[in-house]
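# model the structure of this input:
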Amino acid sequence: MTTQPAPPPTQADDCCPSLTVSPLSLDDAQDFARIFKAVADPTRLRLVSLVAAHEQQEACVCDLTEPVGLGQPTVSHHLKILVDAGVLHREKRGVWSYYSLEMDTLNRLSAFLSTK
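Next up, the predicted model:
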């Protein structure tokens, strides 16, 4: 069995320790609560998953409406909440908006929830 070297520390490692390392500051607690609140909705969680599973981890709102079974205005509302929370990034191309994962935010969540 070969082991891989540990990845270098990321900005997420520098900004906030793991949940098991030290208590959160008030600012970090409020920031994480905002992010968790955004993804604590089944539709929004599915949207993040759909974007992550889509080709190049990027999807147009037109690609997301049918899989979640909701209309474009409702899907756009959920996507706006995810963008405002820093979970997704939105890029306007012509009349369409394309969404991709905000890896810095997801890495922060991962580092925070890690027991290491």
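
# the protein: strands as residue ranges?
58-60, 88-93, 96-101 (DSSP state E).

# reformat these as JSON lines; add distance to Q30, mean neighbour count and mean pLDDT.
Placement of C-beta: from N, CA and C, glycine included. As requested, the strands of the chain are exported to JSON lines (distance: least, Cβ to Cβ, whole Å; neighbours: other Cβ atoms under 10 Å; pLDDT from 0 to 100):
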{"stretch": "strand 58-60", "distance to Q30": "29", "mean neighbour count": "17", "mean pLDDT": "95"}
{"stretch": "strand 88-93", "distance to Q30": "20", "mean neighbour count": "14", "mean pLDDT": "95"}
{"stretch": "strand 96-101", "distance to Q30": "22", "mean neighbour count": "17", "mean pLDDT": "94"}
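
# and the ones you listed as TSV, adding distance to L24?
Below are these laid out as TSV (distance: least, Cβ to Cβ, whole Å):
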stretch	distance to L24
strand 58-60	32
strand 88-93	24
strand 96-101	24
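
# backbone dihedrals for the residue nearest the centre of the chain, please?
With distances taken as Cα atoms, centre = their mean, V87 lies nearest the centre of the chain, 3.1 Å away. Dihedral angles of V87 (phi, psi; degrees, to the nearest 10) stand at phi -90, psi -40.
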